[in-house]
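here is a sequence together with a model predicted from it:
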Amino acid sequence: MDYGRSLIFTLPEIILTVSSLILLLVAAFGGVKSARFVTILSVAALFGASACAFEFLTNPSYELGGDAFYGLYRMDGFGSFAKLLIYFAAIVSLMVAPRFFKDSGAYRPEYPVLILFATIGMGMMVSAVDLMTLYIGLELNSLSAYVLASFIRNDVRSSEAGLKYFVLGALASGMLLFGMSLVYGFAGSTSFSVISDTLTGQLATGPLIGVVLVLAGLAFKISAVPFHMWTPDVYEGAPTPVTAFFASAPKVAAIALTVRVIIDAFGSQTSTWQQIIVFVALASIVLGAVAAIGQQNIKRLLAFSSINNVGFLLIGLAAGTEQGISAMLFYLVIYLAMTLGSFICVMEMRDAEGKPLESLSSLAGLSQTRPGLAAAFAVFMFSLAGIPPLFGFWGKFLVFDAAVAAGMLPLAVIGIAASVIGAFYYIKVVKIIYFDDPAGQIVQTGHKTENGLIALMALAVSPLGYLAIPLLAPVTATAAQALF
Amino acid sequence: MNQLDFPILSLMMGLPMLAAIICLFVGAHAARLLALVTTLVLFALGVVLWANYDIGGPQWQYVERVEFFGNFAWALGIDGISMMLIMLTVFLMPICIGASWESIKDRVGEYMAAFLFMEVLMIGVFAAQDIFLFYILFEAGLIPMYLIIGIWGGANRIYASYKFFLYTLLGSVVMLIAMLWMVQDAGTSDIPTLLNYDFAPEAQTWLWLAFFASFAVKMPMWPVHTWLPDAHVQAPTAGSVILAGVLLKMGGYGFLRFSIPMFPEASEQFIWLILGLSMVAVIYTSLVALVQQDMKKLIAYSSVAHMAIVTVGLFAFNRQGIEGAIIVMLSHGLVSGALFLCVGVIYDRLHTREISRYGGLAINMPKYAVLFLLFTMASIGLPGTSGFVGEFLALIGIYEVSSWVTLVCTTGIILGAGYMLYLYRRVAFGELVHDDVRAMPDLSAREMALLAPIAAAVMWMGVYPESFMAPIRGDVGAIVARIDRAAPEGDAHLKMGQAKAATKDHETDTGHGESH
């Protein structure tokens, strides 16, 4: 194992680490004035890291992947694919942030730096093949996220969100650590492959509790039921660009991490984790759907929607097959477009004084005052509900296809029937936008970046998205193959 | 490629899609014109389709296939049954646009876009040759219809649009799982291949039930029909026309294309479920229709009763039954569409659908009364109109399976005559008692232009049904041949008389045959 190879394999993280440290200094010395400059450089750094990950993913000479730093870190198609998604989400959250914070005057150069730190953590998470790397990545991401959630210091809700996230996140980290220590204790190693080789056959109570606790900790990070309680509060309280970030990048990272832990480390314990994942998936789908019905705040509603979507994603994992993982990765791409798109729509909900609006009722009759925004919103809602011909359907289609192929028919039937409950609140949003009389609160903003991004995301989830299938399907298949 | 050397079916889907997008960005009048021109061009393309259809030629014509999407293909192609339903669609669409010409005043561009998008999907559903493509287009219809009912509907439109959306969605999602399983099992999503694939009988049961959940709701069959009266009453006139005229046919088409030929054993197994529900529907919804005060609701319930005749015919497992069911679908598409237009005509004048507010329209609106009478008679199934041909064939078909079912269904037709004539008497006959009704002008040229083509088509189908039956004959034959192995034994025990023999010896041998 030579250091050169290790350094090449970890190049995306190195690029981001070096640039974030430099930018931290720039931020410290440049003060608030440097915010814009730091943001632009952060985006540039993320583009550099993306180019690197893209090279790893597409260049045939990296096809086999490889371990770095004595088996602590693994560069492979799966990790590179997840990183591309993460970097994309981070770039979008950086692009929309300055305008959002401008009116409150709260934008500071720490924001892009924190996003970069979180992104480094996420890159570590998705490439981790050792419990130590996993935990360091996870904590680096989480600590940055706690600060980001309370980024508007003088806003009570934002501070509350940060605190809540921190306390509950610490609890989850504790569970994860306890689980990891049990697994380590019984397996004798922190390396995923050794764990997989050691924990075979019928598990004793000790390692079983370890596995369950690890899964519980991970379920918290992906906000799956029953560890979802923090999600609506944090999503509501955090500044909207941060919420968009939370709902996209860390979610991709946590899901990819969960997949890797389950397939790589607990791959020989299918019967143990499968029933847990099946339960968590169905519970997330049902609760995400039912609890969203009564919500009056659009950000809370989208929080439940993301819980609901995690449920569908986990169906692909429950199948436990290569096809299932590839379906999940495809779903994640579509999920990113839908989630980022709808949160940017939320950012565009502003009254005449530029104050952000968040209540569902302020959306009333939006189709008559801002037809373009309304149409995009409707596209995202129908797509989240999985109604064809919108592209959101395709993600659900693939995960259910994988579940059926794996012979999990009851899971597929219950899951898809529960998706109808979810459809109710999505079409309720469409109803408010299209059928109700205009509330007239939301005004034109003329923000080019935001509107352009909304249009881009809406086109991606429109039926035009199907044209991307021949491009994306082989890539997700390769990425999923890397795990098996 | 096909007999026309260009992908006509893709063109018929692409053209309205393009027009729909343009409609969103232009003014009200331009949108109306564009929609009308587009639908008329599509009708012309439909005529080209029919004129070039090779009767007795290959089963699937105008076939297009682009393997692009991995899990499914852009595969289009039609047989005679699909073609007749596409014809129905393209025939009704310009009429729908015309019916909305004056009554829709707000958000015209979006309205026309929704209708044109609907047309894309309807043509696509009937032309799809890939099971997943079919599903996508079948489900996609929920979005425009939800918006049409919800935005331009009546007072209680929100409830109706929710009910429509969720009811149909719940019905369909389980079908998707069944389709996924089928494609896993058969290894292809190509419909013509699946049509000849034999699924294990025990699997068929579950698959059939999953498809039934979807198509029974769409059809709609009793007891899952309750979304229909609400949706019809609240939808704008053109929405009702397209709902009754084409969308309900998707259920029948689904049974005919998937449930029956793909799962013959299961279809036989569940035949009494279908016949039982249909019998209840025929009698129950007819009685319900009899007491309606709202014209649209009455016609909506009559649709449920007519659709029950369709299901009965489809599950007769013989040629007469299936051909009859298809003709009832076509006929009902025309007639119920026309009846909703007739309601729309007087609704536009008086803004109420309450039957008791009218009366004596034969005096001041003679042209209207004549056309309304024609469609009433066609709905009852009077010989000479399209309704008779289909219902007669369907009943002959089912008579071979069960005379009791025939008895019940025929009773339903008598009840149908009851509620339709009762409706007509209350609206058109009697004295003109209300002053505002007296002031109503007769049909305008626009309304005449909408109703006259339908009247012509209804008469044509009634007098010379061969034009409509010739294209479907071969395809029905193929379905009958496919399901023959599972055909139920009838209770009629037909004994065919043999031809009279020339010699005396033979006459004594075959004498018992002649007594029947």
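Done, it's in.

list the buried residues for stretch A:275-295?
In terms of neighbour count (16 or more other Cβ atoms under 10 Å in any protein chain shown), stretch A:275-295 has its buried residues at A:276-278, A:280-292, A:295. Where you see a C-beta, it was placed from the backbone N, CA and C, and this is true even at glycine.

outside of that stretch, which residues touch it?
With contacts defined as Cβ atoms under 8 Å, 6 or more residues apart in numbering or on different chains, stretch A:275-295 is touched by A:212, A:215, A:219, A:224-226, A:228, A:232, A:262, A:300-301, A:304-312, A:314-315, A:317-318, A:360, A:408, A:411, A:414-415, A:418-419, A:421-422, A:424-425, A:428.

list of residues touching stretch B:142-158?
Here stretch B:142-158 has contacts from A:382, A:387, A:427, A:430-431, A:434-435, B:104, B:106-107, B:110-111, B:114-115, B:117-118, B:121, B:160-161, B:164-165, B:168-169, B:230-231, B:233-236, B:239, B:243, B:247, using Cβ under 8 Å, 6+ apart.

which among those end up buried?
Of the contacts of stretch B:142-158, these count as buried by 16+ other Cβ under 10 Å: A:382, A:387, A:427, A:430-431, A:434-435, B:104, B:107, B:110-111, B:114-115, B:117-118, B:121, B:160-161, B:164-165, B:168-169, B:230-231, B:233-236, B:239, B:243, B:247.

how about low-confidence regions in the stretch 201-350 of chain B?
Along the stretch 201-350 of chain B, the model assigns pLDDT under 70 to no residue.

so where do the helices sit in it?
For the stretch 201-350 of chain B, the helices defined by DSSP state H, counting those that start in this stretch occupy B:201-218, B:227-234, B:237-242, B:248-254, B:260-262, B:264-269, B:271-290, B:295-314, B:319-350.

make CSV out of those helices and add distance to chain A.
Putting the helices of the stretch 201-350 of chain B into CSV (distance: least, Cβ to the nearest Cβ, whole Å) gives the following:
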stretch, distance to chain A
helix B:201-218, 9
helix B:227-234, 11
helix B:237-242, 14
helix B:248-254, 14
helix B:260-262, 17
helix B:264-269, 17
helix B:271-290, 20
helix B:295-314, 20
helix B:319-350, 21
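
Serialize those helices to CSV and add fields for distance to A:Ser196.
Below are the helices of the stretch 201-350 of chain B laid out as CSV (distance: least, Cβ to Cβ, whole Å):
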stretch, distance to A:Ser196
helix B:201-218, 36
helix B:227-234, 52
helix B:237-242, 58
helix B:248-254, 47
helix B:260-262, 43
helix B:264-269, 44
helix B:271-290, 50
helix B:295-314, 55
helix B:319-350, 58
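
between the ones you listed, which gets nearest to B:Leu421?
Closest approach to B:Leu421 among the helices of the stretch 201-350 of chain B is made by helix B:271-290 (10.6 Å; Cβ to Cβ).

name the nearest residue to A:Ala253, sequence neighbours excluded.
A:Met122 (3.6 Å; Cβ to Cβ, 6 or more residues apart in numbering or on different chains).

just give me the neighbour total for the one you found.
33 (other Cβ atoms under 10 Å in any protein chain shown).
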